[in-house]
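Engineer: sharing a sequence plus its predicted fold:
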Amino acid sequence: MENITRYMIIGGVILILIGGGIYLAARMGLPLGRLPGYIRIEGENGMFYFPLATSILVSVVLTIFLNIIIRFFKK
């Protein structure tokens, strides 16, 4: 039971850090949400919007971050 608690606390701290990073990125004027390469389809009854470039950027950053964490815990 102690392991689950530890993982939940670590997960919460990671979510807080990610949220703070996104907040700081918005305050510093980084163009997340306005990058080129987005899919936007507008119709008469609605609109579809998919931020492809931001999704790829977040995926690359998280991959690097998680690889560093995994290497740190294996030692």
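Structural biologist: Thanks, I have the structure now.
Engineer: and residue 35, how close does it get to residue 50?
Structural biologist: Distance from residue 35 to residue 50, counting by C-beta to C-beta, to the nearest Å: 12 Å. For glycine as for every other residue, the C-beta is placed from the backbone atoms N, C-alpha and C.
Engineer: likewise for residue 34?
Structural biologist: 14 Å.
Engineer: looks to me like residue 4 is in a helix.
Structural biologist: Yes. Residue 4: assigned to a helix according to DSSP: H, G, I helix; E, B strand; the rest coil.
Engineer: so what's it up against?
Structural biologist: Residue 4 makes contact with no residue, according to C-beta atoms under 8 Å, 6 or more residues apart in numbering.
Engineer: that one and residue 10: what is the separation?
Structural biologist: 11 Å.
Engineer: next, give phi and psi for the residue in the chain sticking out farthest from the centre.
Structural biologist: The C-alpha centroid of the chain is most remote from residue 44, which lies 31.7 Å away (C-alpha atoms, centre = their mean). Per-residue torsions, residue 44: phi -70, psi -40 (degrees, to the nearest 10).
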